[in-house]
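Asker: quick one, structure for this:
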Amino acid sequence: MAEIIPHISLHCKNFPQLIAPGLVNFVPNIRYLFLKVSGIDRENLVMILQGCKELASLDVRDCIGFEDDDAERLQLALHIPAFMCEGSGILILPLTD
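Answerer: Have a look, this model is predicted:
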């Protein structure tokens, strides 16, 4: 399975947005989740924070798609003893002519 996921992600542009609903629906009691250096938008992160109530550790450091100082998201993560999000931000591409 670990060998298949990168290929799915490469060829399915919506794959990152499918991860959060899959986690919430199929493994809501997950305790440890490592998504460091991933592309996950704010909406999907909020879905994980609201739906996976048993998380003891969530690592979303250096991700692209949400700001690491978002007050609402930080509030939603208070129940997670080891919540790490430093270095995450929104990728802004320069405009071209």
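Asker: and the biggest helix by length in the chain, what other elements does it pack with?
Answerer: As assigned by DSSP state H, the longest helix anywhere in the chain is helix 15-26. Here helix 15-26 touches helix 4-11, helix 42-51, going by 3 or more Cβ pairs under 8 Å, 6 or more residues apart in numbering; DSSP states H and E. For glycine as for every other residue, the C-beta is placed from the backbone atoms N, C-alpha and C.
Asker: repeat the analysis, applying 6 Å as the threshold.
Answerer: Helix 15-26 sits against helix 42-51, with contacts defined as 3 or more Cβ pairs under 6 Å, 6 or more residues apart in numbering; DSSP states H and E.
Asker: can you list the buried residues in the helix it packs on?
Answerer: Using 16 or more other Cβ atoms under 10 Å as the test for burial, helix 42-51 gives 44-49, 51.
Asker: what does that helix contact?
Answerer: With contacts defined as Cβ atoms under 6 Å, 6 or more residues apart in numbering, helix 42-51 is touched by 17, 20, 23-24, 28, 66, 76-77.
Asker: so which elements touch the next helix-or-strand element following it?
Answerer: As assigned by DSSP states H and E, the chain's next helix or strand after helix 42-51 is strand 57-59. Counting contacts by 3+ Cβ pairs under 6 Å, 6+ apart, strand 57-59 is packed against strand 32-34, strand 82-84.
Asker: adding distance to residue 57 and mean neighbour count as columns, could you present the ones you listed in TSV?
Answerer: Supplementary listing: those in TSV, determined by distance: least, Cβ to Cβ, whole Å; neighbours: other Cβ atoms under 10 Å:
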stretch	distance to residue 57	mean neighbour count
strand 32-34	5	13
strand 82-84	4	15
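Asker: what residues of stretch 58-76 count as buried?
Answerer: Applying a neighbour-count criterion of 16+ other Cβ under 10 Å, one finds 58-63, 65-66, 68, 70, 73, 76 buried in stretch 58-76.
Asker: from those residues, which two are the most distant?
Answerer: Greatest spacing in the buried residues of stretch 58-76, by Cβ to Cβ: 62 and 76 (19.6 Å).
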